[in-house]
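Student: Only the shape, not the letters, is given here:
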């Protein structure tokens, strides 16, 4: 049976005991990380959340402690009282490496079976085992570090927002399910059998209602839910930093959020982030980087060759241009030496982005090597090389297609090449940018109608209001994304606060008045009563912490994550429930889980 | 159509414009709270979250603004640019009452229909109307004030916990449903049709797992859910301040939480709360106040008369004492003048607490008036009066029954009399106390077995460990509640971290090993690997805010609450969903909501 603490209390964290404490008596607690019995001496590493301290048990110091120490095994939970002493063989790799603790008293607070995973950094165990024994996985120093970072990030964000006059307000988790809520998690109601709540995909409507309520500045670090197939780095429940303000415009939100991010990186990592962030319009981001979340840590920008080859007879170029597409290129420095196989592989790569092919021009010492040789004139080659800023030794990759395909495939190719040829080495660690002036609408080709790129409440830019009648697809929105190293960190918009404009939007989106009201009725109702101009932004908290912690796995930053089937191997959730419970809820299981 | 903000931005909050600004140009925004058209002058009160400012529109200052102002109606959302001037008829009841804003420019940002509820303090509208138009209800100054208090409380709590070295960790919302989870909200799984997640009633098991993970100090302001009939002041989702620490004892938790509460009351209300709080054992609280959450703002303590009447022939007393019950009393000062009807009403009152009757002794000027006169001797009367500390003019109320009934009925009567006779007037505003040494187990008479009073992981007191074998019902727990003005604000315990002791507890609770593992398997599994001694506490955040805001309605402190049927009249949640969604989840509705 484990010993009780009694009146004894830890005086210091084991991982923080250093030379300053030599000669002092301290009490530390923690877990046995390593034990060596050298006969007259027993060495034991004690691990707590701050680090590791070497403890020495000698028979002459305390026979009782020494004898108990002989029973210690890895992961036993212990308390040690002893005197800090200078260590003979120092270990410079840890803060406590200059000292050891000469034990006078040992309490074995609890014992441990042999743990199924090693408690060490950079563990390479199967994910399902790590998740099943998550409480042991979390004991690992790298996981402890991540959750300290996450906690620091919370408090840093909250103090910044509080200082800026924002109120933290909790919005409900038991929400209304919307007719298009295919991704909603549902919760059967007991009071209204056959009716359901839905867990929120975001607090979007509630934060807008808070603006209608006159709250002026709202934020929340909110749990959101999405019941969808979990691709890498998605979790069924995730956390969002949710912000909304009234009586403001795009610049106000950009300014606030730049300062927020700057503060968090300073307070959590002691990194200085320069303001303002670089800004690109959506159009510019696509044309220069083939992406609405461009990685600006390196160049290799896209170049538009369309005007240079518009008279070419090459059918691929011709077709693309005739279909209002374009011919664009990126240049890989030093790529002239690439072999045929490597180039073919890149050709396959761009095909996954629907490009029909990848043309190239290798600028070898001995001259140009290109499958385009028979189609292009020397003048055309020269113009392309000049536009592409290519030099001898480089390779130019060219895609001709619909713009959408050109951007996607070259944008992806650019990132692929950067990874493959280590172009990120030595670049800036955190490269932030804003992408602004997103299109308001996106054509859903299958449904043959427009859908909102952000959401149906996003305001068009004033200067584009007239386009809603003439060319809605060309209208730009007051929408903005914050991008970090090529990933979207947050996004938002100024909302429509005018009910006539909102009705027009719904019409453009193909909603009848009835549909719009069924879907968003209570927001539309609220908008009858003097809604203020407002807008906001939402950050992915989990993604932010991934950047702060330097991990690319979302499961590393969530204490108790689910696996890719939204299953928790530790608690075994979800599971079957008592039929009586279902009866009360007025529902029945028609398809049983295969067990 | 509403006007756009354009480049104009608010320079000051309307409710904060005072004499300091006289002569200055300011821009304010907000809602029209009142409008009077005096012909050549239009007066308009603008309300924002900080308060109200009077604006004057005069034709000679701006004809355009004046003409627009004529269109203003209540709750229009506007922006006004103007010059602050000294006001003729001052209003001392508001901070801006010395000044008015002479308008030069007016923008009508959006219009409003006539609002269905008045936007004013102390609104007396039907609750369902207030909930349906919650966004308007929240515009009321008293609601704005409450959510500022709530937001201040969050940041105060978080900074305190951060300063004490606690990590904020989020635990999952999609949990495992437990076999006894009658109060669980369920969430059908799409990946495992027929299986369900459950929303957490508290993060209890996860916070204990975090201790096993070595996190040492954890806190979270966590959403919790309970699907039960909503009595007054219950909501289906509520917020809990959740705290857990390792390597500590009861004193450490009490100390931490006293300082936490002291900090919050100071920072939010500027109230000084004296430490340490008064402490009572459970036994003392029951014997003195008939309650485990005693209201210590006033005396009127229970007195045990059992020994004084043990030889009495009065059957009611005799029976009670024979059944190991007791005879106890409380004294109401000045109650000798109560009429028969009032006393009868109190007799009915205690019957709702299962007391069979209420005896009384009125100490009138002219002598004793009591239905006990024929049963008790003068000596017995004198002894009772002395023990009850009653004087001429008082009344003594007596209940004889099983202890449980005596405590409950007299405890409730004590509160009832305090309310009825205004005994709380002039008492301390916030009277905190700790109740400690709760019983470990409670007899469930229906089931004929013990149940855990707190929960099955609560540690017995060391000195009572031997009682687990001989007299489990008498064993006390390391459990404690924080009580404020007679309400439980928080509660917690030191947990069992020894698997053998835990097994013994499960046996006492009548769980077979299989049942225990089915219920708590992953926690028991975790406890195999060196669990630390640990304990914690959970506060009701909503209740804390109710105290801070001075409201006794939980709906006042939740931005978007549900009504007593767990229904939201605003969003109309819960509602019916698309059968396709249910099919995907493998469930079927067998009982439809009556519509």
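Tutor: Received the coordinates, thanks. Quick caveat: nothing in here was measured; it's all calculated off a predicted structure.

Student: And the contacts of stretch A:223-240?
Tutor: Outside stretch A:223-240, the residues that touch it by CB atoms under 8 Å, 6 or more residues apart in numbering or on different chains are A:173, A:183-185, A:199-203, A:221-222, A:538-542, A:552-555, A:558, A:561-562, A:564-566, B:170, B:172-174, B:190, B:223. Where C-beta positions appear, they are placed from N, C-alpha and C, glycine not excepted.

Student: and it, what's its mean pLDDT?
Tutor: Taken as a whole, stretch A:223-240 has a mean pLDDT of 88.

Student: Report the distance from it to the chain centre.
Tutor: 11 Å (CA atoms, centre = their mean, to the nearest Å).

Student: Stretch A:76-95 too?
Tutor: 38 Å.

Student: Regarding it, how distant is the last residue from the first?
Tutor: Taking CA to CA, to the nearest Å, stretch A:76-95 runs 23 Å from one end to the other.

Student: State the mean pLDDT of that stretch.
Tutor: 93.

Student: Run the contact check for that stretch versus chain B.
Tutor: Yes: using CB under 8 Å from any CB of the partner chain, stretch A:76-95 reaches chain B at A:76, A:77, A:79.

Student: what do you get for stretch A:511-525?
Tutor: Yes: for stretch A:511-525 and chain B, the contact criterion (CB under 8 Å from any CB) is met by A:521, A:522.

Student: Just name the closest of the residues of stretch A:76-95 next to chain B to chain B, please.
Tutor: residue A:77 (3.9 Å; CB to the nearest CB).

Student: That closest one pairs with what?
Tutor: residue A:31, residue A:110 (DSSP bridges).

Student: doesn't residue A:33 make contact with it?
Tutor: No: Residue A:77 lies out of contact with residue A:33 (CB atoms under 8 Å); the separation is 11.7 Å.

Student: Comparing the two, which shows the higher neighbour count?
Tutor: residue A:77 (27 against 21; other CB atoms under 10 Å in any protein chain shown).

Student: Let me see the ranges of the strands in the stretch 51-200 of chain A.
Tutor: Assigned by DSSP state E, counting those that start in this stretch, the stretch 51-200 of chain A shows strands spanning A:51-58, A:77-86, A:99-110, A:167-168, A:175-176, A:186-188, A:196-198.

Student: now do the stretch 201-350 of chain A
Tutor: A:217-225, A:237-246, A:278-281, A:303-304, A:326-332.

Student: Out of those, which gets nearest to residue B:52?
Tutor: strand A:237-246 (17.1 Å; CB to CB).

Student: What strands flank that closest one, and is each parallel or antiparallel?
Tutor: strand A:217-225 (antiparallel), strand A:534-540 (antiparallel).

Student: Any idea which of the ones you listed gets closest to residue B:252?
Tutor: It's strand A:217-225; of the strands paired with strand A:237-246, that one is closest to residue B:252 (CB to CB) at 28.1 Å.

Student: how far does the closest one sit from the chain's center?
Tutor: For strand A:217-225 - counting by CA atoms, centre = their mean - the centre lies 16 Å from the chain centre.

Student: for stretch A:346-355, the distance to its chain's centre please.
Tutor: 26 Å.

Student: Name the residues that touch it?
Tutor: A:357-358, A:397, A:399, A:401, A:405-406, A:408-410, A:412-413, A:416-417.

Student: burial measure for the residue of the stretch 401-550 of chain A found nearest chain B, as a count.
Tutor: The nearest approach of the stretch 401-550 of chain A to chain B comes at residue A:530, 3.8 Å away (CB to the nearest CB). As a burial measure, residue A:530 scores 28 neighbours (other CB under 10 Å).

Student: and it, what does it touch?
Tutor: A:212, B:31, B:32, B:75, B:76, B:77, B:109, B:110, B:111, B:112.
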